[in-house]
Each structure stands twice: as C-alpha cells, then as structure tokens.
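Participant: Provided below are the primary sequence and the corresponding predicted coordinates.
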Amino acid sequence: MAEVTHSSSSRMAGDAAADHILQSYGYATSYATVEIDDGTSNLYIDGQTLISNNDFVIGTTNSSPIIFGPDSTPALKITDDGTLDLLSGKFFLNGTTGSANQVLKTDGYGNLSWTDQPSQQFAFGSFSVSGQDTVSASNLSETLDIVAGSGISISTDNDNNQITITASGTGAAEAFKTITAGGNDIVADTATDTLTLVAGSNITISSDTITDTITISASTSGDANQNAFATARVTGQNDITADAESSIILFDSENNTSMDSRYAQNRDKVTLETDTSSNKLKLTNNIPKTFSMASKVPVVTQTGENFGLPLRNKFFNVTTTEPVSGDGGVVGLSTRAIPVLQTNGTQQDVLMPAKSDNSTLQLTVLDSSGSSTTIDMEVAE
C-alpha cells in the first residue's frame, strides 16, 4: 500500500475501493502501519504492536482501572489506587514460574530471581533481660543491634555467622569492689587495685598460684580456740606465768604442820576435786562454817568428830575509884566463860583465869587418867 499522508487541512474520504477507508465505526487499514504524530512524539500502530518514540502512557479517567487480558478474559488489573492485581493468579519471571515453594529474591539492585526458602525459619521475636525492657521485633526485616557497654568489645564474623563478645577491660569481670573488715570498708580505687593480706601475731599466710588458693594458719599449736590466761596472780604473792604452750598450773593444798595437834590435820586444807566429764574444778572448805576455832574449846566427841565449844562473854561489876559513866563507882569487866550443861539440866558458866603474862585465858582440864592439863585458849579479837 502506498504511503498516505493527511494534513490538518485535508480529510480522509471514505471510498470502498481505497486501501484505507473511514467507516462509520472508525478507521480501518490493512497491510499498513499507522503513525500518529502530535508534533512532539510519534506513535506507531500495526496489527499487534504499539510503539512510541517517547514516554508511553496508558491511563484512564474517572478512577477507572486498567485491565489487560487475552481472549477478552481479564488477567491483570491496575486499580485507581495503584494496586497491581494478578487476576489470573499466575506469574512468570523471565519466562519461568520457578520451582515449588521458591520465593522471589532481590539483590538490592532491582534484579529479581527465584530462590529456595531456608529449611527452618525459627527465630526469637523478643529478647528479655530481668529488670530491663523487652526488645521485640516489629517486622520480619527488623535488625537487632547489640551495643558494647563499658569494658566490652564486640566483633562479628559473617563467614562463620559468629558474634564474639569480649571483656576489653583488665582484671576479673566479676569481683568485690568493697571488702569490710574490722568495721572498716576497703574499697578498690581502680580496676587494677590490689588487696594485700597481712599476717598478724601468731598467724602465717601462704599462697599457691597454681591452684589459686590462700591459706591462713595459726602459727601456734593446740586447740583452735587459743584464748587462755597466761598469768595467775594472787595479791601479795608472786605471779605464776606460763612459759610454754603446754605449761600446767597445779592447785595444791597443804597441812599447817605448826598447828596444835588437838585440831584435825586436814582442818586447814581445801579439798580439790576434778570432773573431766564436765571440765569442772570443785573446791571444798574443810573448816566449819564458823571459819575458825578461835574463841572455842576444841573437843573430840565420842564419835571421834572434832568439835569447837564456843566461849561466851561474861561480865562482872567491880568497884573502882576511877571515873565511871553515870557517876557510879562500879565498872563492868568482860571475860570468857565456857557454858557447861550439868547433869541436872542446868547450864553453868565456867570462868578461866588469865595467863601470867595476861596474853590469854587458861583452861585446866582433868583427863580420865586423873592428870590435869592447862590449855592456852585462842581468844578472838
């Protein structure tokens, strides 16, 4: 068909004999390509192709969708809000639908391809730390950032899919900053500060760098409890001081050999008894509750028991020329008397004369053999 050009001043006429005619329902041509020139761009149309030498726009008005489909069957629709709707439910990428269960993957540069899904998609949606806010993923592509804190460094290995967290500071990651001893706080000033243990009296300290142990030992032997008196002291006497850990203090009680033979030999002693089961030392006083035989007459009973017969005060009025209280001429004098119970049931006070040197009273006793013995009395002050 010859090329036909129409200008704006000419019209196309309908002629049944022509290769191109204007029909009542539009323009028809055969074996030809129609060129539409709007003065800026050219659009070429043939039986199966639309080609423009500039931007090519297909659009609708009145919010109507654009629909594509073969054999008058809609297969793809673009709605007025820009949604692409595959009405056929089918999709080819570069002529292939991919394999079953494959998904589309982008390389970040606009290139798409089919790819297999990972066999397992298990993942944590949230990370929680006691006392802290929970970190939760808000979408499938969100990234969790791990931030290194003070004294911590973090490195990643993409090839081996590893994250390494390392303490970048020196010293132990977990340590006591404050140690309390003797009521005082010992506080570490820096991460490299050193605590020094000092051995006190009778204490030794040893350390083992291989086993990381410190041993504190008492340098003295014996029981763990070393509290003890080192010195025994008595007023007016010499101190008894332990000169070794095994020193023993001995408690003893001795007889007074200078005592009158009339008294019991153990009367001046203290009986000592030990009880190992209860760790007790028992002291028993052998002297009667009167504490002394002074102002008493020592008597041995028929049963052999020593007994002290007490002396009583005895007062007499004696005439004197010396001044006397109350302007009288009689003064009361005191002496000691022995109360004796007579066979008739009455009590008789037996008086005693003074010794020639006036130091004490004397008692004359007649024994069963008929011999008499004079005894010097021990008179209390």
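Facilitator: Okay, I see it.

Participant: switch to C-alpha atoms for all contacts and neighbour counts from now on
Facilitator: Fine.

Participant: doesn't residue 374 fall inside a helix?
Facilitator: No. Assigned with DSSP: H, G, I helix; E, B strand; the rest coil, residue 374 falls outside any helix and is strand.

Participant: Correct me if wrong: it contacts residue 365.
Facilitator: Yes. With contact defined as C-alpha atoms under 8 Å, residue 374 counts as touching residue 365 (6.3 Å).

Participant: So, low pLDDT: which residues of the chain?
Facilitator: 1-28, 119-121, 169-174, 219-227, 255-269, 286-295, 379-381 (pLDDT under 70).

Participant: which SS class is residue 326?
Facilitator: Criterion first, three-state DSSP; result for residue 326: helix.

Participant: Number the chain from 490, please
Facilitator: Renumbered: residue one is now 490, and that last one reads residue 815.

Participant: And the strands in the stretch 590-739 of the chain?
Facilitator: 591-595, 601-605, 615-616, 624-625, 641-646, 651-656, 667-670, 673-676, 692-697, 702-707, 720-721, 729-730 (DSSP state E, counting those that start in this stretch).

Participant: ok, the fifth one: who's next to it in the sheet?
Facilitator: Meaning strand 641-646. The strands that strand 641-646 pairs with in its sheet are strand 651-656 (antiparallel) (by DSSP bridges).

Participant: Ok, the first one next?
Facilitator: Strand 591-595 has these partner strands in its sheet, going by DSSP bridges: strand 601-605 (antiparallel).

Participant: Show residues contacting the strand it pairs with.
Facilitator: Residues outside strand 601-605 that contact it (C-alpha atoms under 8 Å, 6 or more residues apart in numbering): 582, 587, 588, 590, 591, 592, 593, 594, 595.

Participant: cool, stretch 574-582 as well?
Facilitator: 563, 564, 565, 566, 567, 568, 586, 587, 602.

Participant: Now render the strands of the stretch 590-739 of the chain as a markdown table, adding distance to residue 833 and mean neighbour count.
Facilitator: Below are the strands of the stretch 590-739 of the chain laid out as a markdown table (distance: least, C-alpha to C-alpha, whole Å; neighbours: other C-alpha atoms under 10 Å):
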| stretch | distance to residue 833 | mean neighbour count |
| --- | --- | --- |
| strand 591-595 | 141 | 13 |
| strand 601-605 | 139 | 14 |
| strand 615-616 | 115 | 11 |
| strand 624-625 | 117 | 12 |
| strand 641-646 | 114 | 12 |
| strand 651-656 | 112 | 12 |
| strand 667-670 | 84 | 10 |
| strand 673-676 | 86 | 11 |
| strand 692-697 | 81 | 12 |
| strand 702-707 | 79 | 12 |
| strand 720-721 | 58 | 11 |
| strand 729-730 | 60 | 13 |
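
Participant: Against residue 591, how distant is residue 630?
Facilitator: 19 Å (C-alpha to C-alpha, to the nearest Å).

Participant: ok, now residue 583?
Facilitator: 15 Å.

Participant: if we can go back for a sec, need the strands of the stretch 590-739 of the chain in CSV (columns: distance to residue 738).
Facilitator: Listed next are the strands of the stretch 590-739 of the chain as CSV, based on distance: least, C-alpha to C-alpha, whole Å:
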stretch, distance to residue 738
strand 591-595, 98
strand 601-605, 95
strand 615-616, 73
strand 624-625, 76
strand 641-646, 65
strand 651-656, 62
strand 667-670, 37
strand 673-676, 40
strand 692-697, 26
strand 702-707, 24
strand 720-721, 8
strand 729-730, 8
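
Participant: between the ones you listed, which gets nearest to residue 806?
Facilitator: Set against residue 806 and scored by C-alpha to C-alpha, those come closest in strand 720-721, at 54.6 Å.

Participant: For the closest one, which strands pair with it and how are they oriented?
Facilitator: strand 729-730 (antiparallel).

Participant: and for the strand it pairs with, what are the contacting residues?
Facilitator: With contact meaning C-alpha under 8 Å, 6+ apart, strand 729-730 is reached by 719, 720, 721, 722.

Participant: one more time with 6 Å
Facilitator: Outside strand 729-730, the residues that touch it by C-alpha atoms under 6 Å, 6 or more residues apart in numbering are 719, 720, 721.
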